[in-house]
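S.K.: just coords:
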(Lines give C-alpha, C1' and ligand atoms only; values in the text may rest on other atoms or scores of the structure.)
Protein backbone atom coordinates (compact mmCIF):
# COMPACT_ATOMS: atom_id res chain seq x y z
CA UNK A 1 0.00 0.00 0.00
CA UNK A 2 1.39 3.40 -0.95
CA UNK A 3 2.01 6.16 1.58
CA UNK A 4 -0.95 8.23 0.36
CA UNK A 5 -3.35 5.33 0.81
CA UNK A 6 -1.99 4.65 4.28
CA UNK A 7 -2.51 8.27 5.29
CA UNK A 8 -6.04 8.35 3.88
CA UNK A 9 -6.82 4.99 5.47
CA UNK A 10 -5.93 6.55 8.83
CA UNK A 11 -7.48 10.00 8.42
CA UNK A 12 -10.73 9.37 6.55
CA UNK A 13 -12.30 6.98 9.11
CA UNK A 14 -11.59 9.57 11.82
CA UNK A 15 -13.53 12.06 9.71
CA UNK A 16 -16.43 9.61 9.40
CA UNK A 17 -15.73 8.74 5.76
CA UNK A 18 -15.04 5.16 4.77
CA UNK A 19 -14.23 3.23 1.60
CA UNK A 20 -12.50 6.15 -0.08
CA UNK A 21 -8.85 5.61 0.71
CA UNK A 22 -8.05 3.03 -1.97
CA UNK A 23 -6.39 5.30 -4.54
CA UNK A 24 -5.32 2.22 -6.49
CA UNK A 25 -8.95 1.88 -7.60
CA UNK A 26 -8.40 4.77 -10.01
CA UNK A 27 -5.53 2.85 -11.65
CA UNK A 28 -7.48 -0.32 -12.35
CA UNK A 29 -8.25 0.77 -15.91
CA UNK A 30 -4.50 0.93 -16.63
CA UNK A 31 -3.79 -2.60 -15.42
CA UNK A 32 -3.09 -5.19 -18.16
CA UNK A 33 -5.82 -7.48 -16.78
CA UNK A 34 -8.43 -4.79 -17.45
CA UNK A 35 -7.91 -5.13 -21.21
CA UNK A 36 -9.42 -8.62 -21.15
CA UNK A 37 -12.52 -7.58 -19.17
CA UNK A 38 -15.85 -7.35 -21.00
CA UNK A 39 -18.20 -6.39 -18.14
CA UNK A 40 -17.52 -5.06 -14.64
CA UNK A 41 -19.80 -6.64 -12.02
CA UNK A 42 -19.41 -4.99 -8.62
CA UNK A 43 -20.88 -6.53 -5.48
CA UNK A 44 -20.35 -5.33 -1.90
CA UNK A 45 -18.18 -2.22 -2.19
CA UNK A 46 -17.86 -1.63 1.55
CA UNK A 47 -14.76 -3.05 3.18
CA UNK A 48 -12.23 -0.35 2.27
CA UNK A 49 -10.76 -2.29 -0.67
CA UNK A 50 -12.27 -0.06 -3.36
CA UNK A 51 -13.06 3.64 -3.67
CA UNK A 52 -16.54 4.15 -5.08
CA UNK A 53 -15.37 7.52 -6.41
CA UNK A 54 -13.41 5.55 -9.04
CA UNK A 55 -16.60 4.05 -10.44
CA UNK A 56 -17.31 6.80 -13.02
CA UNK A 57 -13.85 6.36 -14.54
CA UNK A 58 -14.08 2.58 -14.77
CA UNK A 59 -17.66 2.58 -16.06
CA UNK A 60 -16.63 4.96 -18.82
CA UNK A 61 -14.66 2.17 -20.47
CA UNK A 62 -16.60 -1.00 -19.69
CA UNK A 63 -20.28 -1.78 -19.05
CA UNK A 64 -20.71 -1.76 -15.28
CA UNK A 65 -23.20 -3.68 -13.15
CA UNK A 66 -23.67 -3.24 -9.40
CA UNK A 67 -25.39 -6.08 -7.51
CA UNK A 68 -27.01 -4.81 -4.31
CA UNK A 69 -26.69 -7.22 -1.38
CA UNK A 70 -27.71 -4.52 1.11
CA UNK A 71 -28.54 -0.81 1.30
CA UNK A 72 -25.02 0.58 1.68
CA UNK A 73 -24.66 1.96 -1.86
CA UNK A 74 -27.47 4.46 -1.34
CA UNK A 75 -27.08 5.38 2.34
CA UNK A 76 -24.73 7.69 4.19
CA UNK A 77 -22.94 4.73 5.77
CA UNK A 78 -25.13 1.83 6.94
CA UNK A 79 -25.96 -1.49 5.30
CA UNK A 80 -29.46 -1.45 6.83
CA UNK A 81 -31.30 1.67 7.96
CA UNK A 82 -34.06 -0.05 9.99
CA UNK A 83 -36.76 2.60 10.61
CA UNK A 84 -34.64 5.53 9.37
CA UNK A 85 -35.53 6.95 5.95
CA UNK A 86 -33.01 9.79 5.80
CA UNK A 87 -31.28 7.98 2.91
CA UNK A 88 -34.14 9.12 0.67
CA UNK A 89 -33.25 12.79 1.05
CA UNK A 90 -29.60 13.02 2.03
CA UNK A 91 -28.86 11.42 5.42
CA UNK A 92 -27.21 13.45 8.20
CA UNK A 93 -27.83 13.30 11.97
CA UNK A 94 -27.52 9.51 11.75
CA UNK A 95 -29.55 7.66 14.41
CA UNK A 96 -27.50 4.47 14.01
CA UNK A 97 -23.79 5.35 13.77
CA UNK A 98 -22.89 1.98 15.32
CA UNK A 99 -24.50 -0.05 12.51
CA UNK A 100 -21.94 -1.74 10.28
CA UNK A 101 -19.83 -0.21 8.92
CA UNK A 102 -19.72 1.87 12.09
CA UNK A 103 -18.62 5.50 11.92
CA UNK A 104 -16.64 7.54 14.46
CA UNK A 105 -18.03 10.89 13.32
CA UNK A 106 -21.30 11.72 11.60
CA UNK A 107 -20.35 12.64 8.05
CA UNK A 108 -23.28 10.74 6.56
CA UNK A 109 -24.68 13.77 4.71
CA UNK A 110 -21.34 14.30 2.96
CA UNK A 111 -20.90 10.61 2.16
CA UNK A 112 -24.41 10.49 0.72
CA UNK A 113 -23.57 13.42 -1.56
CA UNK A 114 -20.30 11.78 -2.64
CA UNK A 115 -22.13 8.57 -3.52
CA UNK A 116 -24.76 10.50 -5.42
CA UNK A 117 -22.06 12.28 -7.40
CA UNK A 118 -20.23 9.04 -8.15
CA UNK A 119 -23.31 7.16 -9.32
CA UNK A 120 -24.87 10.08 -11.16
CA UNK A 121 -21.72 10.28 -13.29
CA UNK A 122 -21.51 6.53 -13.86
CA UNK A 123 -23.07 4.38 -16.55
CA UNK A 124 -24.07 1.58 -14.21
CA UNK A 125 -26.88 -0.98 -14.18
CA UNK A 126 -28.25 -1.91 -10.76
CA UNK A 127 -29.24 -5.49 -9.93
CA UNK A 128 -31.67 -5.87 -7.05
CA UNK A 129 -31.67 -9.37 -5.57
CA UNK A 130 -35.01 -8.95 -3.78
CA UNK A 131 -38.25 -7.15 -4.54
CA UNK A 132 -37.75 -5.20 -1.30
CA UNK A 133 -34.34 -3.77 -2.28
CA UNK A 134 -35.76 -3.08 -5.76
CA UNK A 135 -38.51 -0.91 -4.24
CA UNK A 136 -36.03 0.93 -2.04
CA UNK A 137 -33.47 1.60 -4.75
CA UNK A 138 -36.13 3.23 -6.95
CA UNK A 139 -36.65 5.78 -4.14
CA UNK A 140 -32.93 6.34 -3.60
CA UNK A 141 -30.05 8.26 -5.11
CA UNK A 142 -29.68 5.32 -7.54
CA UNK A 143 -33.24 5.73 -8.77
CA UNK A 144 -32.23 7.17 -12.13
CA UNK A 145 -30.09 4.15 -12.96
CA UNK A 146 -31.32 1.18 -14.92
CA UNK A 147 -32.59 -1.34 -12.35
CA UNK A 148 -33.04 -5.08 -12.93
CA UNK A 149 -34.38 -7.72 -10.55
CA UNK A 150 -32.29 -10.91 -10.47
CA UNK A 151 -32.48 -12.96 -7.25
CA UNK A 152 -29.49 -14.99 -6.13
CA UNK A 153 -29.57 -18.70 -6.81
CA UNK A 154 -28.15 -21.75 -5.08
CA UNK A 155 -26.87 -25.14 -6.22
CA UNK A 156 -29.95 -27.33 -6.02
CA UNK A 157 -27.89 -30.45 -6.68
CA UNK A 158 -26.08 -29.86 -3.38
CA UNK A 159 -28.91 -28.37 -1.33
CA UNK A 160 -31.66 -30.96 -1.57
CA UNK A 161 -33.88 -32.96 0.81
CA UNK A 162 -32.08 -35.86 2.48
CA UNK A 163 -33.46 -38.61 4.71
CA UNK A 164 -34.13 -37.01 8.09
CA UNK A 165 -33.35 -40.08 10.23
CA UNK A 166 -30.08 -40.69 8.42
CA UNK A 167 -29.02 -37.05 8.86
CA UNK A 168 -29.80 -37.10 12.56
CA UNK A 169 -27.73 -40.26 12.99
CA UNK A 170 -24.80 -38.71 11.13
CA UNK A 171 -24.98 -35.53 13.21
CA UNK A 172 -25.61 -37.22 16.54
CA UNK A 173 -28.99 -35.53 16.95
CA UNK A 174 -31.93 -37.19 18.72
CA UNK A 175 -34.55 -39.08 16.72
CA UNK A 176 -37.34 -38.61 19.30
CA UNK A 177 -37.31 -34.80 19.48
CA UNK A 178 -38.72 -31.98 17.42
CA UNK A 179 -35.66 -30.13 16.10
CA UNK A 180 -35.84 -26.37 15.62
CA UNK A 181 -32.89 -24.99 13.66
CA UNK A 182 -31.47 -21.47 13.92
CA UNK A 183 -28.45 -20.31 11.89
CA UNK A 184 -26.41 -17.12 11.73
CA UNK A 185 -22.75 -16.41 11.06
CA UNK A 186 -22.46 -14.85 14.51
CA UNK A 187 -25.12 -15.21 17.18
CA UNK A 188 -23.81 -12.06 18.86
CA UNK A 189 -25.05 -10.02 15.88
CA UNK A 190 -28.15 -8.26 17.23
CA UNK A 191 -29.53 -7.93 13.71
CA UNK A 192 -29.98 -11.71 13.52
CA UNK A 193 -32.36 -11.66 16.49
CA UNK A 194 -31.04 -14.36 18.79
CA UNK A 195 -32.60 -12.49 21.72
CA UNK A 196 -35.96 -12.44 19.95
CA UNK A 197 -35.79 -16.19 19.40
CA UNK A 198 -35.05 -16.82 23.08
CA UNK A 199 -38.06 -14.74 24.07
CA UNK A 200 -40.29 -16.56 21.59
CA UNK A 201 -39.14 -20.01 22.76
CA UNK A 202 -39.91 -19.08 26.36
CA UNK A 203 -43.49 -18.33 25.31
CA UNK A 204 -44.12 -21.84 23.99
CA UNK A 205 -46.31 -24.15 26.10
CA UNK A 206 -44.27 -26.22 28.54
CA UNK A 207 -45.64 -29.47 27.12
CA UNK A 208 -44.32 -28.53 23.69
CA UNK A 209 -41.00 -27.18 25.01
CA UNK A 210 -40.38 -30.57 26.60
CA UNK A 211 -40.42 -32.16 23.14
CA UNK A 212 -38.13 -29.62 21.41
CA UNK A 213 -34.38 -29.40 20.97
CA UNK A 214 -32.79 -26.28 19.51
CA UNK A 215 -30.02 -26.77 16.95
CA UNK A 216 -27.74 -23.80 16.34
CA UNK A 217 -25.47 -23.47 13.33
CA UNK A 218 -22.98 -20.60 13.56
CA UNK A 219 -20.60 -18.88 15.93
CA UNK A 220 -22.00 -18.89 19.47
CA UNK A 221 -21.13 -17.62 22.92
CA UNK A 222 -20.86 -19.89 25.95
CA UNK A 223 -24.16 -18.71 27.42
CA UNK A 224 -26.21 -19.22 24.24
CA UNK A 225 -28.45 -21.87 25.77
CA UNK A 226 -29.14 -19.98 28.98
CA UNK A 227 -31.64 -17.55 27.47
CA UNK A 228 -34.34 -20.13 26.76
CA UNK A 229 -33.62 -23.06 29.09
CA UNK A 230 -33.96 -25.65 26.35
CA UNK A 231 -31.81 -28.58 25.27
CA UNK A 232 -29.45 -27.14 22.68
CA UNK A 233 -27.02 -28.58 20.16
CA UNK A 234 -24.41 -26.05 19.05
CA UNK A 235 -22.79 -27.17 15.81
CA UNK A 236 -20.52 -24.17 15.35
CA UNK A 237 -19.77 -22.45 12.07
CA UNK A 238 -20.08 -24.93 9.19
CA UNK A 239 -18.27 -24.28 5.91
CA UNK A 240 -19.06 -27.54 4.10
CA UNK A 241 -22.23 -27.34 2.00
CA UNK A 242 -22.97 -31.06 2.21
CA UNK A 243 -22.80 -30.92 6.00
CA UNK A 244 -25.09 -27.89 6.01
CA UNK A 245 -27.53 -29.81 3.83
CA UNK A 246 -27.58 -32.59 6.42
CA UNK A 247 -28.33 -30.06 9.16
CA UNK A 248 -31.23 -28.49 7.26
CA UNK A 249 -32.62 -31.94 6.40
CA UNK A 250 -32.36 -33.10 10.01
CA UNK A 251 -34.51 -30.21 11.26
CA UNK A 252 -38.29 -30.08 11.47
CA UNK A 253 -38.38 -26.31 11.24
CA UNK A 254 -35.99 -23.48 10.42
CA UNK A 255 -36.48 -20.26 12.41
CA UNK A 256 -34.97 -16.95 11.37
CA UNK A 257 -35.77 -14.07 13.78
CA UNK A 258 -33.94 -11.40 11.79
CA UNK A 259 -34.39 -7.67 12.33
CA UNK A 260 -33.16 -6.74 8.83
CA UNK A 261 -32.08 -8.73 5.77
CA UNK A 262 -32.17 -8.60 2.00
CA UNK A 263 -32.52 -12.10 0.48
CA UNK A 264 -31.10 -14.37 3.21
CA UNK A 265 -29.11 -17.25 1.78
CA UNK A 266 -29.90 -19.53 4.73
CA UNK A 267 -33.61 -19.24 3.97
CA UNK A 268 -32.97 -20.31 0.39
CA UNK A 269 -30.85 -23.23 1.56
CA UNK A 270 -33.54 -24.35 3.99
CA UNK A 271 -36.18 -24.12 1.27
CA UNK A 272 -34.07 -26.19 -1.11
CA UNK A 273 -33.78 -28.89 1.58
CA UNK A 274 -37.55 -28.93 2.06
CA UNK A 275 -37.48 -27.51 5.60
CA UNK A 276 -40.33 -25.03 6.29
CA UNK A 277 -39.64 -21.55 7.67
CA UNK A 278 -40.73 -19.11 10.35
CA UNK A 279 -39.44 -15.54 10.22
CA UNK A 280 -40.39 -11.88 10.56
CA UNK A 281 -41.95 -9.71 7.89
CA UNK A 282 -38.87 -7.55 7.29
CA UNK A 283 -36.77 -6.64 4.26
CA UNK A 284 -36.68 -9.22 1.49
CA UNK A 285 -37.71 -12.11 3.76
CA UNK A 286 -41.29 -12.23 2.35
CA UNK A 287 -39.85 -13.10 -1.07
CA UNK A 288 -38.94 -16.45 0.48
CA UNK A 289 -41.19 -16.98 3.49
CA UNK A 290 -44.64 -17.04 1.92
CA UNK A 291 -47.39 -17.52 4.51
CA UNK A 292 -49.13 -20.86 4.13
CA UNK A 293 -46.86 -21.82 1.22
CA UNK A 294 -43.26 -22.05 2.45
CA UNK A 295 -43.76 -21.08 6.10
CA UNK A 296 -45.25 -18.45 8.38
CA UNK A 297 -44.43 -14.77 8.99
CA UNK A 298 -44.79 -12.71 12.15
CA UNK A 299 -44.68 -8.94 12.19
CA UNK A 300 -41.29 -7.39 12.98
CA UNK A 301 -40.08 -8.22 16.51
CA UNK A 302 -43.47 -9.73 17.45
CA UNK A 303 -42.22 -12.55 19.65
CA UNK A 304 -45.75 -13.61 20.59
CA UNK A 305 -46.66 -14.10 16.94
CA UNK A 306 -43.32 -15.77 16.26
CA UNK A 307 -43.95 -18.27 19.08
CA UNK A 308 -47.49 -18.88 17.84
CA UNK A 309 -46.19 -19.77 14.37
CA UNK A 310 -43.53 -22.11 15.76
CA UNK A 311 -46.19 -23.87 17.81
CA UNK A 312 -48.60 -24.12 14.87
CA UNK A 313 -46.04 -25.82 12.65
CA UNK A 314 -44.53 -28.11 15.25
CA UNK A 315 -47.96 -29.39 16.24
CA UNK A 316 -49.09 -30.07 12.66
CA UNK A 317 -47.00 -32.73 10.91
CA UNK A 318 -49.14 -32.68 7.77
CA UNK A 319 -48.81 -28.92 7.39
CA UNK A 320 -45.03 -29.11 7.81
CA UNK A 321 -44.81 -31.77 5.10
CA UNK A 322 -47.01 -29.70 2.79
CA UNK A 323 -44.92 -26.54 3.31
CA UNK A 324 -41.67 -28.48 2.96
CA UNK A 325 -42.81 -29.84 -0.40
CA UNK A 326 -43.72 -26.32 -1.56
CA UNK A 327 -40.33 -25.04 -0.36
CA UNK A 328 -38.50 -27.40 -2.68
CA UNK A 329 -40.80 -26.72 -5.63
CA UNK A 330 -40.36 -22.95 -5.35
CA UNK A 331 -36.60 -23.31 -4.94
CA UNK A 332 -36.48 -25.34 -8.15
CA UNK A 333 -38.69 -22.91 -10.05
CA UNK A 334 -37.16 -19.60 -8.88
CA UNK A 335 -33.82 -19.98 -7.12
CA UNK A 336 -31.71 -22.36 -9.17
CA UNK A 337 -28.20 -20.95 -9.64
CA UNK A 338 -28.45 -21.99 -13.31
CA UNK A 339 -31.40 -19.62 -13.71
CA UNK A 340 -29.45 -16.83 -12.01
CA UNK A 341 -26.49 -17.40 -14.34
CA UNK A 342 -28.74 -17.33 -17.41
CA UNK A 343 -30.32 -14.05 -16.35
CA UNK A 344 -26.91 -12.46 -15.76
CA UNK A 345 -25.69 -13.81 -19.11
CA UNK A 346 -28.63 -12.30 -20.95
CA UNK A 347 -28.07 -8.92 -19.28
CA UNK A 348 -24.33 -8.97 -20.02
CA UNK A 349 -24.99 -9.89 -23.66
CA UNK A 350 -27.36 -6.94 -24.00
CA UNK A 351 -24.87 -4.56 -22.41
CA UNK A 352 -22.21 -5.75 -24.85
CA UNK A 353 -24.19 -4.90 -27.97
CA UNK A 354 -22.21 -2.33 -30.03
CA UNK A 355 -24.66 0.50 -29.33
CA UNK A 356 -24.27 0.11 -25.57
CA UNK A 357 -20.54 -0.58 -25.13
CA UNK A 358 -18.56 2.46 -23.84
CA UNK A 359 -15.55 3.65 -25.80
CA UNK A 360 -12.45 1.55 -25.21
CA UNK A 361 -9.24 2.75 -23.61
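M.R.: It's in. A quick note: this is a predicted structure, and the numbers were derived from the prediction, not measured.
S.K.: Okay, domains of the chain per the record?
M.R.: When the chain is parsed with automatic domain parsing, its domains come out as 3-153+339-351, 164-335.
S.K.: looking at the ones you listed, which is buried most?
M.R.: domain 164-335 (a mean of 19; mean count of other CB atoms under 10 Å). Bear in mind the C-beta positions are built from the backbone N, C-alpha and C, glycine included.
S.K.: Can you give me the end-to-end span of it?
M.R.: 23 Å (CA to CA, to the nearest Å).
S.K.: Let me have the domains of the chain in TSV, adding mean pLDDT as columns.
M.R.: TSV is the format used below for the domains of the chain (pLDDT from 0 to 100):
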stretch	mean pLDDT
domain 3-153+339-351	92
domain 164-335	95
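S.K.: Apart from its neighbours in sequence, what residue is nearest residue 269?
M.R.: Distances taken as CB to CB, 6 or more residues apart in numbering place residue 159 nearest to residue 269, at 5.1 Å, with adjacent residues excluded.
S.K.: Let me see the contact set for that neighbour.
M.R.: Contacts for residue 159 (CB atoms under 8 Å, 6 or more residues apart in numbering) come out as 241, 244-245, 248, 268-269, 272-273, 331.
S.K.: next one: residue 174
M.R.: 168, 213.
S.K.: Could you point out the helix or strand that follows the helix or strand hosting residue 305?
M.R.: Element membership of residue 305, judged by DSSP states H and E, is helix 303-314. On the C-terminal side of helix 303-314, the closest following helix or strand by DSSP H and E is helix 317-334.
S.K.: Next, the angle from that following helix to helix 303-314.
M.R.: Interaxial angle of helix 317-334 relative to helix 303-314 (axes from the mean of the first three to the mean of the last three CA atoms, to 10 degrees): 100 degrees.
S.K.: Identify the residues contacting helix 317-334?
M.R.: 151, 154, 156, 159-161, 252-253, 268, 270-277, 290, 292-295, 312-314.
S.K.: Run through the strands of the stretch 151-300 of the chain in chain order.
M.R.: Under the criterion DSSP state E, counting those that start in this stretch, strands of the stretch 151-300 of the chain are mapped to 178-186, 212-219, 232-236, 253-256, 277-280, 295-298.
S.K.: Where do the helices of the stretch 101-250 of the chain begin and end?
M.R.: Counting by DSSP state H, counting those that start in this stretch, the stretch 101-250 of the chain has helices at residues 108-120, 131-138, 164-171, 194-202, 206-209, 241-250.
S.K.: helices and strands around the first one, which ones?
M.R.: I take that to be helix 108-120. helix 55-59 (3 or more CB pairs under 8 Å, 6 or more residues apart in numbering; DSSP states H and E).
S.K.: Can you give the distance from the helix it packs on to the centre of its chain?
M.R.: 26 Å (CA atoms, centre = their mean, to the nearest Å).
S.K.: can you list contacts of that helix?
M.R.: 25-26, 28-29, 40, 42, 64, 118-119, 121-124, 358.
S.K.: Return the list of strands paired to the helix or strand just after it, each annotated with direction.
M.R.: Later in the chain than helix 55-59, the nearest helix or strand by DSSP H and E is strand 64-68. The pairing partners recorded for strand 64-68 under DSSP bridges are strand 40-42 (parallel), strand 124-128 (parallel).
S.K.: Centre of the chain to the longest one, how far?
M.R.: The one in question is strand 124-128. 17 Å.
S.K.: What angle do helix 108-120 and that strand make with each other?
M.R.: Going by the same axes, to 10 degrees, strand 124-128 makes 110 degrees with helix 108-120.
S.K.: now the angle from strand 124-128 to helix 131-138?
M.R.: Using the same axes, to 10 degrees: strand 124-128 against helix 131-138 is 150 degrees.
S.K.: Show the end-to-end separation of stretch 233-245, please.
M.R.: For stretch 233-245, the end-to-end distance is 16 Å (CA to CA).
S.K.: ok, residues contacting that stretch?
M.R.: Against stretch 233-245 from outside (CB under 8 Å, 6+ apart): 155, 158-160, 162, 171-173, 185, 213-220, 224-225, 247, 269, 273.
S.K.: cool, stretch 11-21 as well?
M.R.: Outside stretch 11-21, the residues that reach it (CB under 8 Å, 6+ apart) are 5, 8-9, 45-48, 50-53, 77, 101, 103-108, 110-111, 114.
S.K.: Recalculate using a threshold of 7 Å.
M.R.: For stretch 11-21, the surrounding residues in contact (CB atoms under 7 Å, 6 or more residues apart in numbering) are 5, 8-9, 45-46, 48, 50-53, 77, 101, 103-107, 110-111.
S.K.: Same question for stretch 304-316.
M.R.: 178, 180, 196, 200, 203-205, 208, 212, 252-253, 255, 257, 276, 278, 280, 296, 298-299, 319-320.
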